[in-house]
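K.L.:
any chance you could fold what I've pasted below:
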Amino acid sequence: MAGNKVSGDWKWITGILFAVLVLTLSYGVIYFAYQQILRQGANDPQVQMAEDYSEQLSSGESLSIFTGLKLVDIDKSLSPYVMVYDNTGTLKFSSARFNGNVPTIPAGVLEYTRSHVEDRVTWQPSVGVRQAIVVKYYKGNNNGFVVAGRSLREVEIRENNLTKQLFFLWIISVVIIILAELLSKKIVFTKNKR
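P.N.:
Sure thing, here's the model as predicted:
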C-alpha cells in the first residue's frame, strides 16, 4: 500500500511539473513574440526616414535637404535623428548629439550595410543609451549611407511591463494548476475512501 502511495504521489508531482513546463514554454513563446513586435515596431519611423532620404540623395539632392532639422540629444530625447556618411565612412551630416558631441556609429555597421544595402540594429553608444537605428546604403552621384535612429527607452519600458505582467500571470497560472491538482486528488481520495 505504501508503494502505491509513493508511486501515486510521484505521478501527481510529475503531472504538475509537466503542466508547469508546458505553461512556462507557452508564456516564453508569448513573451518572445510580443517582445519582437515591440522591438521591430521601434524601427518603423527610421525605415521611412532612411528610405526617403537615401532616395533623395541618390537622385542628386544635396545635404541641404537636412537644413532645418533640429539637433537631437540622443541620451535625453525620444525624437528621431539622421546621420549621413559618405562612401568612405566619413560623417557628412548629423542631427544627433551625444554629450555635446557628434556620435559616430561603428564602421562595421557601414561595411555590413554596403554589401547588404540595409541594416537594422540596436546601437548602444553608452550604458543606458540604446538606439534603434536603420542604416541604408544609397548609390548616385555620390554613394553613401543614411542612418536614421531614435531612442529605445519607451520600447524598453513596455518590454519591462510585459515581463512583469507575464510573470504575474505565470504565477497565478501555476497556483491554479497546483490548486486544481490538489482538488482533484482530494476528490479521488474521497471517492476511493467510500
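
K.L.:
nearest spatial neighbour of the most centrally placed residue in the chain, chain-adjacent residues omitted?
P.N.:
Ranked by distance to the mean C-alpha position of the chain (C-alpha atoms, centre = their mean), the top residue is Arg39 at 3.2 Å. The shortest distance from Arg39 to any non-neighbouring residue, by C-beta to C-beta, 6 or more residues apart in numbering, is to Val155 (6.4 Å). In short, each C-beta sits where N, CA and C put it, glycine included.

K.L.:
likewise for Arg158?
P.N.:
Spatial nearest neighbour of Arg158, excluding adjacent residues (C-beta to C-beta, 6+ apart): Leu38 at 5.5 Å.

K.L.:
give the burial count for the one you found, as a bare number.
P.N.:
The number of residues packed near Leu38 is 16, by other C-beta atoms under 10 Å.

K.L.:
is it true that the residue nearest to the centre of the chain touches Arg158?
P.N.:
No - Arg39 is beyond contact range of Arg158, at 9.7 Å (criterion: C-beta atoms under 8 Å).

K.L.:
my guess is Val84 contacts Leu69, does it?
P.N.:
No - using C-beta under 8 Å as the test, Val84 is too far from Leu69 to be in contact (10.9 Å).

K.L.:
of the two, which one has the most company?
P.N.:
Remark: of Val84 and Leu69, Val84 carries more neighbours, 21 against 14, as counted by other C-beta under 10 Å.

K.L.:
a helix runs through the more buried one, doesn't it?
P.N.:
No - going by DSSP: H, G, I helix; E, B strand; the rest coil, the assignment for Val84 is strand, not a helix.

K.L.:
for the helix or strand encompassing Val155, what is the distance to the chain centroid?
P.N.:
Assigned by DSSP states H and E, Val155 belongs to helix 153-193. Relative to the centre of its chain, helix 153-193 is centred 26 Å away, using C-alpha atoms, centre = their mean, to the nearest Å.

K.L.:
quick one: mean pLDDT for that helix?
P.N.:
For helix 153-193, mean pLDDT rounds to 85.

K.L.:
that one packs against which elements?
P.N.:
Using 3 or more C-beta pairs under 8 Å, 6 or more residues apart in numbering; DSSP states H and E, the elements in contact with helix 153-193 are helix 2-41, strand 129-138.

K.L.:
now mean pLDDT and distance to Leu57 too, for those, in CSV please.
P.N.:
What follows is those, written out as CSV (pLDDT from 0 to 100; distance: least, C-beta to C-beta, whole Å):
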stretch, mean pLDDT, distance to Leu57
helix 2-41, 84, 25
strand 129-138, 96, 5
